[in-house]
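J.: Dropping a prediction and its sequence here:
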Amino acid sequence: MVAGSDVARPLILSLWMDDIAKQYFNYLRQKYFPPERNYLQAHLTLFHALENEQETLSVIELLTARQIQFCLLAERVVSIGNGTAIKVLSEELNKFHYALQKSFTTELTAQDKQKLWPHVTIQNKVDALTAQKVFAGLNSNFTPFQFDAFGVELYRYCGGPWELIKRIKFGEQ
């Protein structure tokens, strides 16, 4: 982060996914995420700490206007150490994310400069045994499925919860 930025309240960009997938992921989060930390809806984060709201919105609005809706594959259950996630595949998502990375002129964090590893976190910050049990249980009966991406959602981090700033649909100006 650069001097003068709102370090404590960065912007977070996530994918706007279809309602059926979001309900399913939220169901899993309600079931497995530690309740005292489960104050977010299910999400697929594209950027974790963007700075300048005006520039961020300009870049996002320009690129989402050029992007058509696309399909993703919820491929498999994965272990994330002390948690569990659903790994997501989409070449379109990877291309869109890369275009966003290259379009921002403000400095991205090290995490946001990395290649996207798309996933939806189902459980996090639990002990290793609990995480292993949830992974094994979900993995034993998980069936890959497709879902749609409609656009992006820009949030402001508020010390835990996120505040929705704007939802931007693909293909609209």
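T.: That came in fine, so what should we check first? Note that the coordinates shown come from a computational prediction; the quantities given were computed from them, not determined experimentally.
J.: From here on, just use CA atoms for contacts and neighbour counts.
T.: Noted.
J.: Now do the strands for this structure: every range, in order, please.
T.: Using DSSP state E, the strands of the chain run over 11-17, 45-50, 70-79, 84-89, 119-123, 145-157, 162-169.
J.: Make JSON lines out of the ones you listed and add distance to L138.
T.: Output for those, formatted as JSON lines (distance: least, C-alpha to C-alpha, whole Å):
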{"stretch": "strand 11-17", "distance to L138": "21"}
{"stretch": "strand 45-50", "distance to L138": "21"}
{"stretch": "strand 70-79", "distance to L138": "7"}
{"stretch": "strand 84-89", "distance to L138": "9"}
{"stretch": "strand 119-123", "distance to L138": "10"}
{"stretch": "strand 145-157", "distance to L138": "14"}
{"stretch": "strand 162-169", "distance to L138": "27"}
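J.: Tell me where the protein is predicted with low confidence.
T.: 1-7 (pLDDT under 70).
J.: try 50 this time
T.: 1-5 (pLDDT under 50).
J.: Looking at the strands of the chain, which is nearest to T56?
T.: Across the strands of the chain, T56 has its closest neighbour in strand 45-50 (7.3 Å, C-alpha to C-alpha).
J.: Tell me the strands beside the closest one, with direction?
T.: Applying DSSP bridges, strand 45-50 is found paired with strand 11-17 (antiparallel).
J.: how far off strand 70-79 does the partner strand point, in degrees?
T.: 110 degrees (axes from the mean of the first three to the mean of the last three C-alpha atoms, to 10 degrees).
J.: distance between strand 11-17 and the chain's centre?
T.: How far strand 11-17 lies from its chain's middle: 5 Å, per C-alpha atoms, centre = their mean, to the nearest Å.
J.: got the contact list for it?
T.: 43-51, 53, 147-157, 167 (C-alpha atoms under 8 Å, 6 or more residues apart in numbering).
J.: For it, list the C-alpha coordinates in PDB.
T.: Provided in PDB are the C-alpha atoms of strand 11-17 (Å, rounded to 0.1, in the frame of the first residue of the first chain):
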ATOM      1  CA  LEU A  11     -11.300  -2.500  -1.600                       C
ATOM      2  CA  ILE A  12     -12.100  -6.100  -2.300                       C
ATOM      3  CA  LEU A  13     -13.200  -7.300  -5.700                       C
ATOM      4  CA  SER A  14     -15.100 -10.600  -6.000                       C
ATOM      5  CA  LEU A  15     -17.000 -12.400  -8.700                       C
ATOM      6  CA  TRP A  16     -20.700 -12.000  -9.000                       C
ATOM      7  CA  MET A  17     -21.900 -15.600  -9.300                       C
END
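J.: tell me which residues in it are buried?
T.: L11, I12, L13, S14, L15, W16, M17 (16 or more other C-alpha atoms under 10 Å).
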